[in-house]
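Participant: All I have is the shape, not the residue letters:
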């Protein structure tokens, strides 16, 4: 099931006042920047969280759930991004060395 404006608004009602075109663009960008191969069954969750993060940090979008603590990782700027990082760790594990297979 793909993430839509309606499904995102149902899950995160705080986007209600955000124009539909802005939400649609955020979903499209989140879809392009999220790997189905890496996330499998959690793909839609990851797309939704990335779209919400993009909306939270966007001047034209949603200005809620921002985290003002400085960080090197741009996803740490919102609680949605922080949740996405947790989902990625749960699903994909931690960093791996290039050329080294999964550690068993």
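Facilitator: Done, it's in. Keep in mind it's a predicted model, so treat the numbers as computed, not measured. Numbers count the residues shown, from 1 in each chain.
Participant: average pLDDT for stretch 5-18?
Facilitator: Per-residue pLDDT over stretch 5-18 has a mean of 92.
Participant: Now that stretch: buried residues?
Facilitator: 5, 8, 12, 15, 18 (16 or more other CB atoms under 10 Å). C-beta coordinates here come from the backbone N, C-alpha and C atoms, glycine included.
Participant: Among those residues, which one lies nearest to residue 50?
Facilitator: residue 8 (11.0 Å; CB to CB).
Participant: ok, now which ones touch that closest one?
Facilitator: Residue 8 is in contact with 15, 23, 27, 48, 51, 52, counting by CB atoms under 8 Å, 6 or more residues apart in numbering.
Participant: Find the residue at the geometric middle of this protein.
Facilitator: By CA atoms, centre = their mean, the chain has its centre lying nearest to residue 50, at 1.5 Å.
Participant: For the closest residue to residue 20 other than its chain neighbours, give its distance to residue 21.
Facilitator: Counting by CB to CB, 6 or more residues apart in numbering, the nearest residue to residue 20 once its immediate chain neighbours are dropped is residue 5, at 5.5 Å. Per CB to CB, to the nearest Å, residue 5 is found 9 Å from residue 21.
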